[in-house]
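Engineer: The following comprises the amino acid sequence and a computationally predicted model.
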Amino acid sequence: MAISVVIADDQEMVRTGFRMILESQPDIEVLADVVDGEAALAAVAEHRPDVLLLDIRMPRLDGLEVTRRLSGSDRPRIVIVTTFDLDEYVHTALHGGASGFLLKDASPAMLVEAVRAAAVGDSLVSPAITVRLLREMAPKTPAAQARRPSEPLTERERDVVRCLARGMTNAEIAGELYVSLSTVKTHLANVQAKLDARNRVEIAAWAWESGLAATTT
């Protein structure tokens, strides 16, 4: 079945461009495009999309507040697409449950990849900001205040999380650690449960906040 998408952005040219890119893919269907956060919430309630593409700065209700209001639900997965890569925006969006964060100058291929990743519960953040952001966030959160896992991570789980925190995809992690892709996914699922994290971005943020990402094996 096609991945269903709603687009929310106050610029008509952006909405039109995103729609053209996504509708060119045989596995993606755009159900609606709307101009502000209130309309985004209404469209989600009406269409129940798999993925919601959100701008941050919009009239009536911004993308961060929309993300907060939709947090805790399995659908839709939220991908922020914005001109502004301010650290506070990215931090708030990802900790609010967004599954991805892209800049509007990202390539069409990356936009499509982000939608597909979000639809299956994965996440994608623009490489230009991922590691920089998480590394810069780390000193702001003392390691002692980072959430504690319900059970200690195994050494292999720690290896996987270190790779994840450096921006590697699952396939890259598998190659780096000489394990299968399914093994990487199993380790990440275990870590997600231990941390009660909503997605891999939260796992990466925790790795930097806790100091794990800065350690070597």
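Structural biologist: That came in fine, so what should we check first? Numbering: from 1, shown residues only.

Engineer: May I have the longest helix seen in the chain as PDB, with CA atoms only?
Structural biologist: Longest helix of the chain, by residue count under DSSP state H: helix 181-195. This file holds the C-alpha atoms of helix 181-195, laid out as PDB (Å, rounded to 0.1, in the frame of the first residue of the first chain):
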ATOM      1  CA  LEU A 181      21.300  -5.900   9.300                       C
ATOM      2  CA  SER A 182      18.700  -7.900  11.300                       C
ATOM      3  CA  THR A 183      21.100  -8.000  14.200                       C
ATOM      4  CA  VAL A 184      21.500  -4.300  14.200                       C
ATOM      5  CA  LYS A 185      17.700  -3.800  14.200                       C
ATOM      6  CA  THR A 186      17.400  -6.200  17.100                       C
ATOM      7  CA  HIS A 187      20.000  -4.400  19.200                       C
ATOM      8  CA  LEU A 188      18.300  -1.100  18.400                       C
ATOM      9  CA  ALA A 189      14.900  -2.400  19.400                       C
ATOM     10  CA  ASN A 190      16.300  -3.700  22.700                       C
ATOM     11  CA  VAL A 191      18.000  -0.300  23.400                       C
ATOM     12  CA  GLN A 192      14.800   1.600  22.500                       C
ATOM     13  CA  ALA A 193      12.900  -0.500  25.000                       C
ATOM     14  CA  LYS A 194      15.500  -0.100  27.700                       C
ATOM     15  CA  LEU A 195      15.500   3.700  27.300                       C
END
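
Engineer: Let me see the mean pLDDT of whatever helix or strand comes next after that helix.
Structural biologist: As assigned by DSSP states H and E, the chain's next helix or strand after helix 181-195 is helix 200-210. Across helix 200-210, the average pLDDT comes to 82.

Engineer: what's the longest helix of the chain packed up against?
Structural biologist: Helices and strands touching helix 181-195, by 3 or more Cβ pairs under 8 Å, 6 or more residues apart in numbering; DSSP states H and E, are helix 155-165, helix 170-177, helix 200-210. The C-beta positions use only the backbone N, C-alpha and C, and glycine is treated the same way.
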